[in-house]
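# task: produce atomic coordinates for the following.
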Amino acid sequence: MSLFKEIADIQTAETLKLPVPKANFHNVVVKPSDIQKEMVEKLGERAEAIRNKQVDPKKDNMLKITNEGRKLALDQRLINEMLPDFQDSKVNSCANNIYKIWEENKDKRSTQLVFCDLSTPKVLSADDNPYEMEEKDGKWQLKDRIFTDVYTDLKRKLIVKGIPESEIAFIHDANTETRKKELFAKVRSGQVRVLMGSTNKMGAGTNVQTKIKAIHHLDCPWRPADLTQRNRQTE
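Below is the predicted model of the structure:
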């Protein structure tokens, strides 16, 4: 990069002072569950054992602990899918915020982006439909389902709150350039109002700025530049 700078005139957005929309940042702090607290203590004990060279690096290491810590911070069910769905988790807090913004901007059909690099959407089988409804006590509701990933769980929660399934999309479903263009057009028009994706798939080249009202970061990427790239979707 230093050699490149000798022959190139590099201009950043800050240098050029390009006009960008004013952004209001909200840092939503959620308290950990008792289970999360216990698991964090165990991670600390494992880290101490590694520092004291009491563990074979092939069996446990700091990278493994870091990855598990990131998952635990996002949702405790990523460590064990049989753990309870903590009411005050990041996913539930995010679902509440998304629905509130969705409801308040119905008339404008404003859109929202949700970034999450961990726990990408999974389907158990070809016949598996995570959003299948069933009638119980005269009411239609989603069928019970074991936790598989944050994407599916968040979408299910939004559907339960009242957002139509057709208005929620995953960038992962647009696996060709043609499908991406079609999906981005739906977001720009407000036909799809909640688009979820990872930094890698939705960070650059995503042209959906027209109606964006909010961007939600469920987790933090490794590099600061990735977080900046996420936020540039509003520009």
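# hey, let's count contacts and neighbours off CA atoms from now on
Noted.
# Cys220 - nearest residue in space that isn't next to it in sequence?
Nearest in space to Cys220, with sequence neighbours left out and distances taken as C-alpha to C-alpha, 6 or more residues apart in numbering, is Leu227 at 7.2 Å.
# surely the one you found forms part of a helix?
Yes: applying DSSP: H, G, I helix; E, B strand; the rest coil, one finds Leu227 inside a helix.
# give me the distance between it and Gly203.
Distance, Leu227 to Gly203, by C-alpha to C-alpha, to the nearest Å: 9 Å.
# before we move on, what about Cys116?
11 Å.
# would you mind telling me which of these two has the busier surroundings?
For the pair Cys116 and Gly203, the greater number of neighbours falls to Cys116 (22 against 18), based on other C-alpha atoms under 10 Å.
# isn't that one right up against Ser198?
Yes: contact criterion C-alpha atoms under 8 Å: Cys116 and Ser198 qualify, at 5.1 Å.
# and the most centrally placed residue in the chain, its phi and psi?
For the chain, the residue nearest the mean C-alpha position is Cys116 (2.4 Å; C-alpha atoms, centre = their mean). The phi and psi values for Cys116, taken as degrees, to the nearest 10, are phi -150, psi 120.
# quick check, pLDDT for it.
Here, the pLDDT recorded for Cys116 equals 94.
# list the contacts for it?
Met196, Gly197, Ser198, Thr199, His217, Leu218, Asp219, Cys220 (C-alpha atoms under 8 Å, 6 or more residues apart in numbering).
# how far away is Asp137 from Cys94?
Following C-alpha to C-alpha, the distance that separates Asp137 from Cys94 is 29 Å.
# I misspoke; the intended subject was Ser125.
Between Ser125 and Cys94 the distance is 28 Å, computed by C-alpha to C-alpha.
# and the two? Which one has more around it.
Neighbour tally, Ser125 and Cys94, criterion other C-alpha under 10 Å: the higher count belongs to Cys94, 20 against 7.
# re earlier: can you flag which of the contacts of Cys116 belong to helices?
Using DSSP state H, the subset of the contacts of Cys116 located in helices is Thr199.
# rebuild the contacts of Cys116 as TSV, extending it with pLDDT, neighbour count and distance to Val55.
Formatted as TSV, the contacts of Cys116 follow (pLDDT from 0 to 100; neighbours: other C-alpha atoms under 10 Å; distance: C-alpha to C-alpha, whole Å):
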residue	pLDDT	neighbour count	distance to Val55
Met196	96	23	39
Gly197	94	22	36
Ser198	92	21	34
Thr199	89	17	34
His217	94	18	35
Leu218	94	19	32
Asp219	92	18	29
Cys220	87	16	29
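# which pair in the contacts of Cys116 spans the largest distance?
Met196 and Cys220 (14.6 Å; C-alpha to C-alpha).
# OK, contacts around Ile98?
Each residue near Ile98 by C-alpha under 8 Å, 6+ apart is listed here: Gln112, Leu158.
# just checking, it is part of a strand?
No: with three-state DSSP as the criterion, Ile98 is assigned helix and is not in a strand.
# ok, Val208 - how many residues close by?
Neighbours of Val208 using other C-alpha under 10 Å come to 23.
# wait, isn't it in contact with Glu182?
No: Val208 is beyond contact range of Glu182, at 11.0 Å (criterion: C-alpha under 8 Å).
# and what about Ser119, helix, strand or coil?
Here Ser119 is recorded as coil under three-state DSSP.
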